[in-house]
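A.B. asks: Test case, fold it:
(chains A and B)
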Amino acid sequence: MTVDYSRADFQTDQEVRWCPGCGDYTILASVQNFLAEMGVEREKHVFISGIGCASRFPYYMNTYGVHSIHGRAPAVATGVAISNPDLNVWVITGDGDGMSIGGNHLIHTLRRNVNLKILLFNNQIYGLTKGQYSPTSEQGKVTKSSPMGSLDYPFNPVSLALGAEASFVARTIDMDRKHTTSVLEEAADHNGTAFIEIYQNCNVFNDKAFEELTGKETRDENRIYLEHGKPILFGPNDEYGVTLGKRGAEVVAVAAAGMDTIHTHNAEDPDPSAAFALSRISHGPHGPTPIGVFRKVERPAYEDLLTDQIAQAKADKGEGDLESLLRSSGSWTVE
Amino acid sequence: MATEIEKRPESTTLSQAVVRFAGDSGDGMQLAGAQFTASSALFGNDLATLPNFPAEIRAPAGTVAGVSVFQVHIADWDILTPGDHPDCLVAMNPAALKANFDDLKSGALIIANSDSFDERNLEKAGYESDPLEDGSLDAYHVLTAPMEELTKEALVGSGVTGRAVLRSKNFFALGLVSWMYQRPLQPMEDWVNRKFGEDSPIAKANVAALHAGHNYGITTEEFHHTYEVEPAELPPGEYANVTGSQALAWGLIAGAQAAGLDLFLGSYPITPATPILEALARRRNYGVKTFQAEDEIAAVGSAVGAAFTGHLGVTSTSGPGLALKSETISLAFMAELPLIVIDVQRAGPSTGMPTRTEQSDLLFAMYGRHGEAPLPVIAALTPSDAFATAMEAARIATKFMTPVILLSDGYIANSSEPWLLPDVDSLPQFPVEFATEPNDGDAFLPYLRDEETGARPWAVPGTAGLEHRLGGLEKQNRTGNVAYESDNHALMTELRAAKIDAIARDIPDLEVYGDEDAKLLVLGWGSTYGAIRAATIRVRDDDLAVGHVQLKYLNPFPPNLGALLEGRDKILIPELNSGQLAKMIRAEFLVETESFCKVEGDPFKAVEIEDQIRLVSKELSS
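C.D. replies: Residues are numbered from 1 along each chain as shown, chains lettered A, B, ... in the order given. Have a look, this model is predicted:
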């Protein structure tokens, strides 16, 4: 059943309290618009978040929601999804929440393939605690907790998700609402865990971190849109392309390399190697960076397997009743 | 093959016997003990069991550290504990003798596997000379049998060969002890055939060893004095022998059914709580959803998610896991969601002694949360009582929309006792009513409280029109919206606490066992019930005036507890910690108490409490 919704139906009466100019506003609008378009009953959406700026998100969504605790959203969301597989369960997290304190839950959720849509807002900084380096901050970053530059080598979230056996991995950019919507659509359509990294600008503590991908001057040269079944070309006139060889994925000039060398993207490849190679093209991001769905493969969702086991057990042993449970390890009668 | 028990003139009839099976952790002593127990139950004895095994799966063979023990107390009367000191020790090797010798009753029967008392094993156990021969056991009744040789002989032609033959020696020992105590072999044979398949070599080997042990008793002169324990006069009805873990798992299933909910268990394996996860994992046909999470935090987090979605959310753990879950439990408290948190307590801080028992998480269960987050805390009194306790946890959690901490411990979890099975149709029912309609005009206020219980409504995702958000941030009263106003925080803190206090009106008054107005009141909680009650019965048989009260509800306390404590000359509080309940009682009621504490990783023996009561009584009367 679909319902005729507008964006307003998904807005709450709570004042949105992100900093003016924050990328989170754009993402909120994209998600609200997308859900209105999707038309699934509002009561069937559940938004679960952890702690951080991004994690305030559920308060602004007129659906069911839990603003849980730091890093634990995937765990809480797993309980929701297992308990009612009919729900659409969204996890809202950030680079600190999802990859630092909640890193363990994230990787295990991905390998289990619980039917969750995980939106990881990556702004490469801790915002809510006012500007410390995060697990995606570039090495050497000077922040209040790293005055001489951070020593940590950062995660590449897409590489991490692919390594954690994710069945769906994508990346998008807060400012690119059209692209965000298309990725949300594909994620919603996926049965299993969908992991979406969203480059999100924190204009207060880490402004212009994604400038190379969002700035007018540079974005066309740096955004590599991945489209399933199409050769990977980019640049203002598609003059660049990506090849895949022994040294991984490389950016080449199409004229020099020849069109026949350009890799055709296959998001449905059961082998994640090519997707992983694509995820290594950039770090940070600096220079040309792939955007889009890296991987989308079919694998049974955890809760579907559990539901099957329950049905199987009932078929094999009959619906359990208390009388026989209490006698299941033997009993005797005293006259 | 049915075996007739030959009546012999040398047989002595006992009213009770405590038998302890001891051997290497790979010797199958738990199995032998469990089979001896099952046979005794079918024979009609009352009984109680206590296993004790090393934390290591296979500690070095032959060492004292690797000894695994199973103790069973059988009686012709209604017993309460697994027994204080063994009347009979089965020692499969020198280490088993060494590790258990000090516990034996003087003059106890020792049945030793003489094959293992060789130089190498004696040395590993730390014996300088062979205790079977050096006269050090002269005060005991020692019987020996070359169990390994005789098992080998019995298994010729069974199809089992090589070293595997020795795996059946526990059945030889079981057969021999069953002869000594005149236990029927048929139930043991039936079990073996069910377990391994009647025609399998391993079933045949075990049955052959069982009979060989039994026949060795019949034909060997020195085993001719046997013992009998007559059936107990138990209330009529159907019984099952249950461990605390089993009863607890079943109680959760029954509790979920009584509430009309599906059961969800999020858990991470941890000793000694794991058997609950395992017991529920095999009950998928009851609709039970078990989720083995990646860690303790995810385990409780998933249970919170399940609770939000309208399941009976449960998480099971032991002390270290409870520590990890603390933050999430506070979230459930703040979100006011029903949740059952089971802590099967084990001994010591950090890893401590995982396979040993203690009651040392009481204050942690009471206060181990940040901010002010009072929770109901209840404890199981005996293995079978874990069933009713689990149902009660489900009732309180759903009625008051709150997490409940249920305390069990290693002793309750692993011990067993016969349980008079309840009539399923007369179990308490407490069906949950989810919110389905707006409760304030067209609006739904997720924190609009029930006037009687203080509980907020439970509206589950999927219910149209009741969309709402929960979270850990402070909420505005009624609306549940994020609120930082000072007055509101003070009000919400008070309302949340008042809701927990209100539970006191919903639980039964305490009753004093024994002498109601005695000057000496013994006050215990949880699993010390059996030992304290047995001790109370013994001293009252000697005309000492003593009352016993055992607490199941630790927070809030039953409403009449304060009155019961008034006017006593002495309130004696035995507990398996350094005085945690005593601290709570003194703080709450401003009364003096005397603690009797034990932190050795073992449950109380009834005799220890008995001696203490006598000592205190003597002081009072002088």
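A.B. asks: Surely B:Val18 forms part of a strand?
C.D. replies: Yes. Applying DSSP: H, G, I helix; E, B strand; the rest coil, one finds B:Val18 inside a strand.
A.B. asks: Of all residues in the stretch 101-250 of chain B, which one is closest to chain A?
C.D. replies: B:Ala240 (4.3 Å; C-beta to the nearest C-beta). Just so you know, the C-beta spots here come from the backbone N, C-alpha and C atoms, and that holds for glycine as well.
A.B. asks: Give me the pLDDT value at the residue nearest to that residue when sequence neighbours are not counted.
C.D. replies: Spatially, and ignoring its direct neighbours in sequence, B:Ala240 is nearest to A:Ser331 (4.3 Å; C-beta to C-beta, 6 or more residues apart in numbering or on different chains). Among the per-residue scores, A:Ser331 holds a pLDDT of 91.
A.B. asks: List the contacts of A:Ser331.
C.D. replies: The contact partners of A:Ser331, by C-beta atoms under 8 Å, 6 or more residues apart in numbering or on different chains, come to B:Glu238, B:Tyr239, B:Ala240, B:Leu421.
A.B. asks: repeat that for 10 Å
C.D. replies: Applying C-beta atoms under 10 Å, 6 or more residues apart in numbering or on different chains, one finds that A:Ser331 lies in contact with B:Ala41, B:Leu42, B:Gly237, B:Glu238, B:Tyr239, B:Ala240, B:Asn241, B:Val242, B:Pro418, B:Trp419, B:Leu421.
A.B. asks: right, and the fourth one touches B:Ala41 too?
C.D. replies: What that stands for is B:Glu238. No. The pair B:Glu238 and B:Ala41 fails to qualify as a contact (C-beta atoms under 10 Å) at a distance of 11.8 Å.
A.B. asks: So the two - more neighbours on which side?
C.D. replies: Applying other C-beta atoms under 10 Å in any protein chain shown to B:Glu238 and B:Ala41 shows that B:Ala41 carries more neighbours, namely 24 against 15.
A.B. asks: Can you report how many residues lie near the residue of the stretch 201-350 of chain B found nearest chain A?
C.D. replies: Closest contact between the stretch 201-350 of chain B and chain A, by C-beta to the nearest C-beta, is at B:Gly305 (2.5 Å). Using other C-beta under 10 Å as the criterion, B:Gly305 is surrounded by 33 other residues.
A.B. asks: element containing it, please.
C.D. replies: If you go by DSSP states H and E, B:Gly305 is part of helix B:296-308.
A.B. asks: Restricting to C-alpha, output that helix in PDB.
C.D. replies: These are the backbone C-alpha positions of helix B:296-308, laid out as PDB (Å, rounded to 0.1, in the frame of the first residue of the first chain):
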ATOM      1  CA  GLU B 296      27.400  -7.700  25.700                       C
ATOM      2  CA  ILE B 297      26.500  -4.200  24.600                       C
ATOM      3  CA  ALA B 298      24.900  -5.200  21.400                       C
ATOM      4  CA  ALA B 299      23.100  -8.000  23.200                       C
ATOM      5  CA  VAL B 300      21.300  -5.600  25.500                       C
ATOM      6  CA  GLY B 301      21.000  -3.000  22.700                       C
ATOM      7  CA  SER B 302      19.100  -5.500  20.600                       C
ATOM      8  CA  ALA B 303      16.900  -6.400  23.500                       C
ATOM      9  CA  VAL B 304      16.000  -2.700  23.900                       C
ATOM     10  CA  GLY B 305      15.200  -2.500  20.200                       C
ATOM     11  CA  ALA B 306      13.000  -5.600  20.500                       C
ATOM     12  CA  ALA B 307      11.200  -4.100  23.500                       C
ATOM     13  CA  PHE B 308      10.600  -0.900  21.600                       C
END
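A.B. asks: Tell me how far it lies from the chain's centre.
C.D. replies: 25 Å (C-alpha atoms, centre = their mean, to the nearest Å).
A.B. asks: Which residue, other than its chain neighbours, is closest to B:Leu324?
C.D. replies: The shortest distance from B:Leu324 to any non-neighbouring residue, by C-beta to C-beta, 6+ apart, is to B:Glu296 (3.9 Å).
A.B. asks: Please report how far B:Ile500 lies from B:Ser114.
C.D. replies: B:Ile500 sits 61 Å away from B:Ser114 when distances are taken as C-beta to C-beta, to the nearest Å.
A.B. asks: Mind checking which of the two has more residues around it?
C.D. replies: For B:Ile500 and B:Ser114, the more surrounded residue by other C-beta under 10 Å is B:Ile500, and the numbers stand at 21 against 16.
A.B. asks: would you say the more buried one is within a helix?
C.D. replies: Yes. When the secondary structure is assigned by three-state DSSP, B:Ile500 falls within a helix.
A.B. asks: Look at the nearest residue to it once chain neighbours are set aside and say how many residues are nearby.
C.D. replies: Nearest in space to B:Ile500, with sequence neighbours left out and distances taken as C-beta to C-beta, 6+ apart, is B:Pro374 at 4.7 Å. Burial of B:Pro374 is recorded as 19 neighbouring residues (other C-beta under 10 Å).
A.B. asks: Would you confirm that B:Pro374 contacts B:Leu495?
C.D. replies: No. B:Pro374 lies out of contact with B:Leu495 (C-beta under 10 Å); the separation is 11.8 Å.
A.B. asks: Name the helix or strand for the residue nearest the centre of chain B, please.
C.D. replies: A centroid search over chain B (C-alpha atoms, centre = their mean) returns B:Ile412, at 1.1 Å, as the residue closest to the centre. B:Ile412 is located in helix B:410-414, with elements delineated by DSSP H and E.
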